[in-house]
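J.: I'd like to go over a predicted model; first the sequence, then the structure.
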Amino acid sequence: MKSDPRVFFASERTLLAWLRTGIAIVGLGFLVSRFGLFLRLLSGQTAHAPASATSGYSHAIGVALVILGSLSVAAATVQHGRFIATLPEIDRPAAYSRTWAVWLAGLVTLSSAALAAYLSFASQ
């Protein structure tokens, strides 16, 4: 049986595409979360004044997007790991590190989860 490394590398490309998508969702969530603060500063309210309804909604939506981005990266990482485990040894490149993409995705997941926690608990 002949080795076909294209299967493995297609899986790697898919994981990295999900990683880019997750990072984009996290970035959008951060932007939306901080947009309410920006609007409040433009209107002249102080940081200790009660937040308006729109800035509260933007903060909640932004945090939800950050969490969604983190979960999408985590799910893609788990799915990639499970798929790679099903590949026969002949389809896995011998001289190629199979773990760097998983470590990178795990680091992005943890970082975006920390960002979601920061946004949730930091004062606006």
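T.: Looks like it arrived, so ask away.
J.: Show me what secondary structure element comes after the longest helix anywhere in the chain.
T.: The helix spanning the most residues in the chain, taking DSSP state H as the definition, is helix 5-42. Going down the chain from helix 5-42, the next helix or strand is helix 53-86, by DSSP states H and E.
J.: That following helix - contacts with which helices or strands?
T.: Identification of packing neighbours for helix 53-86 by 3 or more CB pairs under 8 Å, 6 or more residues apart in numbering; DSSP states H and E yields helix 5-42, helix 100-121. For every residue, glycine as well, the C-beta is placed using N, CA and C.
J.: Dump the ones you listed to JSON lines, plus mean neighbour count and distance to residue 71.
T.: Shown next, in JSON lines, are those (neighbours: other CB atoms under 10 Å; distance: least, CB to CB, whole Å):
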{"stretch": "helix 5-42", "mean neighbour count": "16", "distance to residue 71": "8"}
{"stretch": "helix 100-121", "mean neighbour count": "16", "distance to residue 71": "8"}
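J.: The ones you listed: which one's closest to residue 79?
T.: Evaluated over the helices and strands packed on helix 53-86, closeness to residue 79 peaks at helix 5-42, with 8.1 Å, by CB to CB.
J.: So which elements touch the closest one?
T.: helix 53-86, helix 100-121.
J.: nearest to residue 5, of those?
T.: Going by CB to CB, the one of the helices and strands packed on helix 5-42 nearest residue 5 is helix 53-86, 12.4 Å.
J.: shaky segments in this protein?
T.: 1, 45-55, 123-124 (pLDDT under 70).
J.: Try it again at 90.
T.: 1-9, 12, 33-59, 81, 84-105, 120-124 (pLDDT under 90).
J.: Tell me how far residue 64 lies from residue 43.
T.: 24 Å (CB to CB, to the nearest Å).
J.: May I see the helices and strands packed on helix 5-42 arranged in a markdown table, with distance to residue 28 as well?
T.: Converted to a markdown table, these look like this (distance: least, CB to CB, whole Å):
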| stretch | distance to residue 28 |
| --- | --- |
| helix 53-86 | 6 |
| helix 100-121 | 12 |
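J.: rewinding a little: residue 64 and residue 43: who's more crowded?
T.: residue 64 (14 against 10; other CB atoms under 10 Å).
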